[in-house]
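Participant: after the sequence you'll find the predicted model.
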Amino acid sequence: MINKLNEIASTKYNNYNDILKLVEETTELNEVLIKFINKNTLNKNDLADEIADVEIMLNRIKFRLNIDEKVLHRKHFKIKRQLERLK
Ligand SMILES: [Mg+2]
């Protein structure tokens, strides 16, 4: 389903649109997280919504720039490195 969305969206939006949207969504996620830290209130529905928005846009950017495999590779490297550091 996400690939279908990415294919359709890539015909309607350009890199600039998608990057701007990703910045907007990460800002909204930041706002939920900052509210949690500053006011000690967490709305899990809001958090889930914003994480979903960010994941959708990250997925779109990876699709658009064809870097999905590269990101996966870097993610594995970084997870392994963190596990080493935590020993
Ligand atoms: Mg949002």
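Facilitator: Now that the structure is in, tell me what you want to look at. The model shown is predicted, which means the values in this text are computed figures rather than measured ones. Residues are numbered from 1 along each chain as shown.

Participant: element containing Lys75, please.
Facilitator: Taking DSSP states H and E as the definition, Lys75 sits inside helix 68-85.

Participant: identify each buried residue in the longest helix belonging to the chain, please.
Facilitator: Using DSSP state H to define each element, the chain has its longest helix at helix 15-39. Neighbour-count burial for helix 15-39 flags Asp18, Ile19, Lys21, Leu22, Glu25, Leu29, Val32 (criterion: 16 or more other CB atoms under 10 Å). Quick note: C-beta positions are derived from backbone N, CA and C, even for glycine.

Participant: just these now: which is nearest the ion?
Facilitator: The ion lies nearest to Glu25 out of the buried residues of helix 15-39, by CB to the ion, at 4.8 Å.

Participant: residue contacts, that closest one?
Facilitator: Going by CB atoms under 8 Å, 6 or more residues apart in numbering, Glu25 touches Glu50, Asp53, Val54, Ile56, Met57.

Participant: how close does it sit to His73?
Facilitator: Distance, Glu25 to His73, using CB to CB, to the nearest Å: 24 Å.

Participant: same deal with Ala48?
Facilitator: With CB to CB as the criterion, Ala48 and His73 are 28 Å apart.

Participant: show me which residues of the chain sit near the ion.
Facilitator: Taking CB under 5 Å from the ion as the measure of proximity, the chain contacts the ion at Glu25, Glu28, Glu50, Asp53.

Participant: could I have the CA atoms of whichever strand or helix holds the third one written out in PDB?
Facilitator: Which is Glu50. Using DSSP H and E, Glu50 falls within helix 44-65. Taking C-alpha atoms only, helix 44-65 is exported to PDB below (Å, rounded to 0.1, in the frame of the first residue of the first chain):
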ATOM      1  CA  LYS A  44      -0.300   8.600  22.700                       C
ATOM      2  CA  ASN A  45      -2.800   9.100  19.900                       C
ATOM      3  CA  ASP A  46      -1.100  12.400  18.900                       C
ATOM      4  CA  LEU A  47       2.400  10.700  19.200                       C
ATOM      5  CA  ALA A  48       1.300   7.700  17.100                       C
ATOM      6  CA  ASP A  49      -0.200  10.100  14.400                       C
ATOM      7  CA  GLU A  50       3.000  12.100  14.200                       C
ATOM      8  CA  ILE A  51       5.300   9.100  14.100                       C
ATOM      9  CA  ALA A  52       3.100   7.700  11.300                       C
ATOM     10  CA  ASP A  53       3.300  11.000   9.400                       C
ATOM     11  CA  VAL A  54       7.100  11.100   9.700                       C
ATOM     12  CA  GLU A  55       7.500   7.400   8.700                       C
ATOM     13  CA  ILE A  56       5.300   7.900   5.600                       C
ATOM     14  CA  MET A  57       7.400  10.900   4.500                       C
ATOM     15  CA  LEU A  58      10.700   9.200   5.200                       C
ATOM     16  CA  ASN A  59       9.500   6.300   3.200                       C
ATOM     17  CA  ARG A  60       8.500   8.700   0.400                       C
ATOM     18  CA  ILE A  61      12.000  10.300   0.400                       C
ATOM     19  CA  LYS A  62      13.700   6.900   0.300                       C
ATOM     20  CA  PHE A  63      11.500   5.900  -2.600                       C
ATOM     21  CA  ARG A  64      12.000   9.100  -4.500                       C
ATOM     22  CA  LEU A  65      15.800   9.200  -4.100                       C
END
